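Visitor: No sequence on hand, only this structure:
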């Protein structure tokens, strides 16, 4: 073993040496590649003499790289040696049969790379020289020839991979030359190899056919689709002695023939010439070549789409299609090896060709529906995992949802094409499931899933009237009690399906009792599975929203039937894992449904009060009891008591959603008193435990609801409530608080001025501490949760200030106890208006300034409500915000939001001129425009435009031109702000 061989072994066996030694070995091998001529001779020598496979591979890899990357540097005198050596290794002196496949593949790749560069000129005969002559040829040379053709297809000829223009041109040149010179001989070789080796070496015969399949797309089809080859291929498919590999290879060739691109009429003749019915008549054989079945069907369908049912030489595309369809259905039902997506695509394509299905087509559609139903069934092995969902069950549910997507789209296509066929199919399934005590969970769930999807394809009018079989189907559905109804998957899809067809009940009120039974018995809210019962609560609430007027005659029955649900809700241990459900479905939707029913004006006042008390009182008593207990024993945020209090408050919140202010405060004031008493109980919790954030969030939400329905009667409760909500409030809490105050301002306007004057100092002092004086940090690592919360608080603050200003509450800012925070607020507003990255926030701040200028600057004589505000506006806001911030190159006029901000800035100048007169204009021109080197004539034009009170658009256009002109003059030399 010489040094090169040792180095190669170190390169390919990294564990045999340390890193430095391996690096030396790699460098040594690279030096051996430096001279292409010497490398050629070195590699040929080692390929002949060395017994080591790694050495052989290195040599072939080096030759391959030299051909691909350094072909121009190979001396022309060495090229004949390279050609003959590679051909010799591939044909007359092939690599030993024991050579590993990767070695033979590498040789094939090197030879294919050389053919790409040199065939047909200057190398005219590589294929004829490499072509084995059977039966005398060595099997190794037959194997190498197949590998050569595969490598050439992969690296150059195939359209399955993206090719550069140069590669495409080379491929065209090679194909054209092969067609003229050797394709017939190669086709004959494939026939001989398949015939000769089918028994003695079926793997080699399969390799030859696999190569042929690749080349069918661009060679003359007559070389393959003829009286010799086609019988051989079908004999290989049909022969019981054929191996699976050989049968699959022969099937692949037949499919390639069927898929050969040609004019539709020729394709029909070609398809008819293939004796595929011999395959389709044998179910076992169909399962062995599923791709052939589905591929042939797709080709027949394409012909049918282009030619219709017209006969061509005694056969029509429709006949070809109908011959193969039963086999397609069989494959889809029975074969595990078929690509389901391909079959579904074919069937979807087939269904779209139907306009008015014939009787035979209707039969086929029935078969498609049956196949879909079988394919969407869960595996019974996961039944328990799906009932009480664990990790395995959730994964199976996710996988099935993905698996079902295309199948259910196909189902919907069938529904649209043949609604009667689909409805009849579902009716049969329902009858079967209801009449058999052995109907499985999986079958019933699949049936209901299809029924649910049927609803997607039926218009609202058809649902309301129950057209076709829908009336019978919905009647069956509403009265159904499946033996497996206790299973979560069945119960959930059953409830969803009932909900989907609820509008039928809207027009057919005789079925209201059935709907109520569905939701209120063990199929719905009383289902033993908590996931089902909570989903039922939500869906029942949706049903009430749609049908509440129809439910009035049954109100006593409904409310009495839900009393135990309320008791169960208030007595549950909410810390239990069994009661924790993801999302918002926690069972409180039952209370929302109750509120919607009780809150109807159709309910007599006495009854309404009685009903409401029956549900409010137990919830309030529960809260009072928990509060007393908590005061005695203390309350921790993570305790079960806190969770229970949360749930009760959420139930109260949900219950109130059925009521409105007019009913509660005007027509039925007794209801208002009851809710006011409830609010007092809830606020007692806030007063006692203001620091428990989760409770504070729920109480804030409840106060929002009470503001909506109690109106001004809530005023006595507000000071205490708002004061408690400010205790130890963090940024997130302040956001919630300000949103609540905004609601109060928007609803009550100046009526709550006294309350705002009282709480504003606490708000301002807290915000001055929390919010940064300068811009938020930016860059990597700065987008933390804390920063995002502060940014949200800043946005909410400016919205709050604008809401106050717009509702004539700017007087709050200058009340005696609030005046101390005015300067800090003005500085914060100015900084944001001038330089904040969020353009919309800047717009808010400019709007706030405009409103304050209108409110506080009453005339042009300096007699203002707020001492110093006039000079602040003129000296700071006008120049910094309305001029310097706009001159900054970051102010991008091409941005839509920036243009809106610009419009507000121009409006601010108009308002300042109206309210501040010459004080504003003199300072703005002398200290602003002149400092920015604005030409005198432009400043004069600006003044003239400003005086034109009714032409804001002209001022805006002129001011934009002025700013752009100043930018060009400055060219970045003036640093603003």
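Guide: Everything's here; your move. If you're wondering where the values come from, they're calculated on a predicted model, not measured in any experiment. Residues are numbered from 1 along each chain as shown.

Visitor: Please identify the buried residues of the particular helix or strand that has residue 175 in it?
Guide: For residue 175, the host element (DSSP states H and E) is helix 165-181. Residues of helix 165-181 classed as buried under the neighbour-count rule (16 or more other C-beta atoms under 10 Å) are 170-171, 174-175, 177-178, 181. Bear in mind the C-beta positions are built from the backbone N, C-alpha and C, glycine included.

Visitor: How about the contacts made by residue 921?
Guide: 913, 943, 946 (C-beta atoms under 8 Å, 6 or more residues apart in numbering).

Visitor: In helices, which of those residues fall?
Guide: Members of those lying in helices (criterion: DSSP state H): 913, 943, 946.

Visitor: from the residues you listed, which is closest to residue 322?
Guide: residue 946 (82.7 Å; C-beta to C-beta).

Visitor: and the closest residue to that closest one other than its chain neighbours, how far is that from residue 849?
Guide: Nearest-residue entry for residue 946: residue 913, 5.2 Å, with adjacent residues in sequence omitted and distances by C-beta to C-beta, 6 or more residues apart in numbering. Using C-beta to C-beta, to the nearest Å, one gets 14 Å for the distance from residue 913 to residue 849.

Visitor: Who has more neighbours out of those two?
Guide: residue 849 (25 against 20; other C-beta atoms under 10 Å).

Visitor: ok, now which ones touch the more buried one?
Guide: Counting by C-beta under 8 Å, 6+ apart, residue 849 has contacts 829, 833, 873, 877, 881, 908.

Visitor: Now those residues in a markdown table, please, with extra columns for distance to residue 931, neighbour count and pLDDT.
Guide: A markdown table is the format used below for the contacts of residue 849 (distance: C-beta to C-beta, whole Å; neighbours: other C-beta atoms under 10 Å; pLDDT from 0 to 100):
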| residue | distance to residue 931 | neighbour count | pLDDT |
| --- | --- | --- | --- |
| 829 | 23 | 21 | 93 |
| 833 | 19 | 27 | 93 |
| 873 | 18 | 28 | 94 |
| 877 | 16 | 24 | 95 |
| 881 | 15 | 26 | 94 |
| 908 | 19 | 21 | 94 |
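
Visitor: Pick the one among these closest to residue 105.
Guide: Using C-beta to C-beta, these come closest to residue 105 at residue 833, 69.9 Å.

Visitor: Where does that closest one sit, in terms of helix or strand?
Guide: helix 822-835.

Visitor: buried set for that helix?
Guide: For helix 822-835, a neighbour-count test (16+ other C-beta under 10 Å) marks 822, 825-826, 828-835 as buried.

Visitor: and which of these is nearest residue 153?
Guide: Of the buried residues of helix 822-835, the one sitting nearest to residue 153 (C-beta to C-beta) turns out to be residue 835, at 63.2 Å.

Visitor: Next one: the residue minimising distance to the centre of the chain, what pLDDT does it get?
Guide: By C-alpha atoms, centre = their mean, the chain has its centre lying nearest to residue 402, at 12.4 Å. As predicted, residue 402 sits at a pLDDT of 95.

Visitor: Would you agree it falls within a helix?
Guide: Yes. Under DSSP: H, G, I helix; E, B strand; the rest coil, residue 402 sits within a helix.

Visitor: For it, give its distance to residue 341.
Guide: 11 Å.

Visitor: Then residue 387?
Guide: Taken as C-beta to C-beta, the span from residue 387 to residue 341 is 30 Å.

Visitor: quick one: which of these two has more around it?
Guide: With neighbours defined as other C-beta under 10 Å, residue 387 and residue 341 compare such that residue 387 has more, 19 against 12.

Visitor: my read: the more buried one touches residue 491, true?
Guide: No. Taking contacts as C-beta atoms under 8 Å, residue 387 lies outside contact range of residue 491: 9.7 Å.

Visitor: Contact partners for residue 323?
Guide: Listed by C-beta under 8 Å, 6+ apart, the contact set of residue 323 reads 276-277, 280.

Visitor: Just put those residues in CSV and tack on pLDDT, distance to residue 663 and neighbour count.
Guide: Formatted as CSV, the contacts of residue 323 follow (pLDDT from 0 to 100; distance: C-beta to C-beta, whole Å; neighbours: other C-beta atoms under 10 Å):
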residue, pLDDT, distance to residue 663, neighbour count
276, 95, 74, 24
277, 93, 76, 11
280, 93, 71, 20
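
Visitor: Contact partners for the nearest residue to residue 819 once chain neighbours are set aside?
Guide: In this structure, residue 819 finds its nearest non-sequential neighbour in residue 813, 7.8 Å apart by C-beta to C-beta, 6+ apart. Applying C-beta under 8 Å, 6+ apart, one finds that residue 813 lies in contact with 760, 804, 819, 822, 825, 852.

Visitor: Let me know the closest of those to residue 237.
Guide: Distance to residue 237, by C-beta to C-beta, is smallest for residue 804 among these, at 83.6 Å.

Visitor: The closest one: how many residues sit nearby?
Guide: 22.

Visitor: and if you look at residue 796?
Guide: When neighbours are defined as other C-beta under 10 Å, residue 796 has 20 of them.

Visitor: got a list of contacts for the helix or strand hosting it?
Guide: Here residue 796, judged by DSSP H and E, is contained in helix 785-806. Residues outside helix 785-806 that contact it (C-beta under 8 Å, 6+ apart): 730-732, 734-735, 738-739, 741-742, 745-746, 756, 767, 770-772, 776-777, 810, 812-813, 825, 829, 832, 838, 841, 844-845, 847-848, 851-852, 855.

Visitor: Give the buried residues for the worst-scoring helix or strand of the chain on mean pLDDT.
Guide: Ranked by mean pLDDT, DSSP states H and E, the helix or strand of the chain with the weakest confidence is helix 555-571, at a mean of 85. Going by neighbour count (16+ other C-beta under 10 Å), the buried part of helix 555-571 is 555, 558-559, 561-562, 565-566, 569-570.

Visitor: Tell me the first helix or strand C-terminal of it.
Guide: helix 589-598.

Visitor: What is the distance between that following helix and the centre of its chain?
Guide: 34 Å (C-alpha atoms, centre = their mean, to the nearest Å).

Visitor: by contact count, what packs against it?
Guide: helix 530-551, helix 555-571, helix 605-633, helix 640-656 (3 or more C-beta pairs under 8 Å, 6 or more residues apart in numbering; DSSP states H and E).

Visitor: so that helix versus helix 530-551, what angle?
Guide: Angle, helix 589-598 to helix 530-551, by axes from the mean of the first three to the mean of the last three C-alpha atoms, to 10 degrees: 10 degrees.

Visitor: same for the helix holding residue 833, what does it pack against?
Guide: Looks like helix 822-835 contacts helix 753-770, helix 785-806, helix 839-856, helix 885-887 (3+ C-beta pairs under 8 Å, 6+ apart).

Visitor: Quick check: pLDDT value at residue 335.
Guide: At residue 335, pLDDT is 81.

Visitor: Surely it and residue 289 touch.
Guide: No. At 9.7 Å, residue 335 does not count as touching residue 289 under the criterion of C-beta under 8 Å.

Visitor: so where do the helices sit in the stretch 401-550 of the chain?
Guide: 419-435, 441-454, 460-465, 470-478, 488-500, 502-507, 512-520, 530-551 (DSSP state H, counting those that start in this stretch).

Visitor: Which one, of those, ends up nearest to residue 99?
Guide: With C-beta to C-beta as the criterion, residue 99 lies closest to helix 441-454 of the helices of the stretch 401-550 of the chain, at 51.9 Å.
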